[in-house]
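Trainee: this one's sequence-less:
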């Protein structure tokens, strides 16, 4: 297996881009994932600005690992849907222009019944996105939202016009009462990116994000599966809650390195 590559999702730093780049390097990452809807907007970055960004990254020996395109509404919600589709297509084009091959994001919970209009609309939208991915050379990877293996499989079977990947979020799956190991085994050939964070379900059955190593994700087993599947993507440190997000992300990277080395 190629050496593991660790990136930081800089949106969790809540810092200006220049400072975020420095912070990512300081916590042990070798790559960054930018939010290209709120943090690094393509429309606000000139050609000169793009060259300057790459130079700043190079100074810290960082790579652009992936982009994230978050949305407030699902891709089967008709309200302002055209704008969301156009925004995601623009993010894929921007990714290609910057040498990035993966854009991650959520599409909303996959409807259970494939005969529902919402499911058919979601498939139509993702087939459109997949065709666009074929043209621009960057792939959209779905981050599941309370979706089972069967739900994901049903969706992937209906999106056939181009590539659609999976952004594996083990903590999110645990918090949704799903099994990240089962999910990876089912879709290992579609996994383009893996989030490194942790989670558990509390006494009331609610999902809770916790510092990595304190949750229910079995990282040694999952890392072994990544090696078995010859995973070549990035492991992206994220932390969406807590008062010490930067320190937690630094510890997460160190923890995964330690587990991967067998120490």
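Mentor: Noted; the coordinates are in hand. Treat the numbers as computed from the prediction; the structure is a model and nothing was measured.

Trainee: rest of the way, CA atoms for contacts and neighbours
Mentor: Will do.

Trainee: Quick one: distance of stretch 29-47 to the chain centre.
Mentor: Stretch 29-47 sits 14 Å away from the centroid of its parent chain (C-alpha atoms, centre = their mean, to the nearest Å).

Trainee: Kindly report the same for stretch 77-91.
Mentor: Distance, centroid of stretch 77-91 to centroid of chain: 18 Å (C-alpha atoms, centre = their mean).

Trainee: what do you get for stretch 128-147?
Mentor: 12 Å.

Trainee: and that stretch, average pLDDT?
Mentor: The pLDDT scores in stretch 128-147 average 93.

Trainee: Tell me the buried residues in it?
Mentor: Using 16 or more other C-alpha atoms under 10 Å as the test for burial, stretch 128-147 gives 128-133, 136-144, 146-147.

Trainee: One more: stretch 175-187?
Mentor: In terms of neighbour count (16+ other C-alpha under 10 Å), stretch 175-187 has its buried residues at 175-181, 183-184, 187.

Trainee: Return the member of these nearest to residue 98.
Mentor: Of all the buried residues of stretch 175-187, residue 98 sits closest to residue 187, with 27.3 Å by C-alpha to C-alpha.

Trainee: show me what contacts that closest one?
Mentor: With contact set as C-alpha atoms under 8 Å, 6 or more residues apart in numbering, residue 187 has these partners: residue 166.

Trainee: Backbone dihedrals for it, please?
Mentor: When read as degrees, to the nearest 10, the backbone of residue 187 gives phi -130, psi 30.

Trainee: Then the one 10 residues further on?
Mentor: According to degrees, to the nearest 10, the main-chain angles of residue 197 amount to phi -150, psi 180.

Trainee: Now it. Nearest residue, chain neighbours left out?
Mentor: residue 212 (5.3 Å; C-alpha to C-alpha, 6 or more residues apart in numbering).

Trainee: If I follow the layout properly, the one you found ends up in contact with residue 198?
Mentor: Yes: between residue 212 and residue 198 there is a contact at 4.7 Å, judged by C-alpha atoms under 8 Å.

Trainee: So the two - more neighbours on which side?
Mentor: The neighbour comparison of residue 212 against residue 198 (other C-alpha atoms under 10 Å) goes to residue 198, with 27 against 24.

Trainee: where does this structure have low pLDDT?
Mentor: Across the chain, the ranges flagged by pLDDT under 70 are 1-2, 262-263.

Trainee: so how far is residue 233 from residue 61?
Mentor: Distance of residue 61 to residue 233, given as C-alpha to C-alpha, to the nearest Å: 18 Å.

Trainee: Give me the more crowded residue out of these two.
Mentor: residue 233 (19 against 13).

Trainee: List the contacts of the more buried one.
Mentor: 5, 192-194.

Trainee: mind pulling up the phi and psi values for it?
Mentor: With angles defined as degrees, to the nearest 10, residue 233 sits at phi -90, psi -160.

Trainee: Tell me where this structure has helices.
Mentor: According to DSSP state H, the chain carries its helices in the segments 17-26, 47-59, 81-97, 117-136, 149-158, 170-175, 180-187, 219-228, 245-261.

Trainee: In TSV: these, plus distance to residue 206.
Mentor: As requested, the helices of the chain are exported to TSV (distance: least, C-alpha to C-alpha, whole Å):
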stretch	distance to residue 206
helix 17-26	31
helix 47-59	39
helix 81-97	30
helix 117-136	26
helix 149-158	20
helix 170-175	7
helix 180-187	17
helix 219-228	21
helix 245-261	21
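
Trainee: Quickly compare the ones you listed and say which is most buried.
Mentor: Across these, averaging neighbours per residue (mean count of other C-alpha atoms under 10 Å) puts helix 170-175 on top, at a mean of 25.

Trainee: now for that one, which elements pack on it?
Mentor: In this structure, helix 170-175 makes packing contacts with helix 180-187, strand 191-196, strand 198-201, strand 207-210, judged by 3 or more C-alpha pairs under 8 Å, 6 or more residues apart in numbering; DSSP states H and E.
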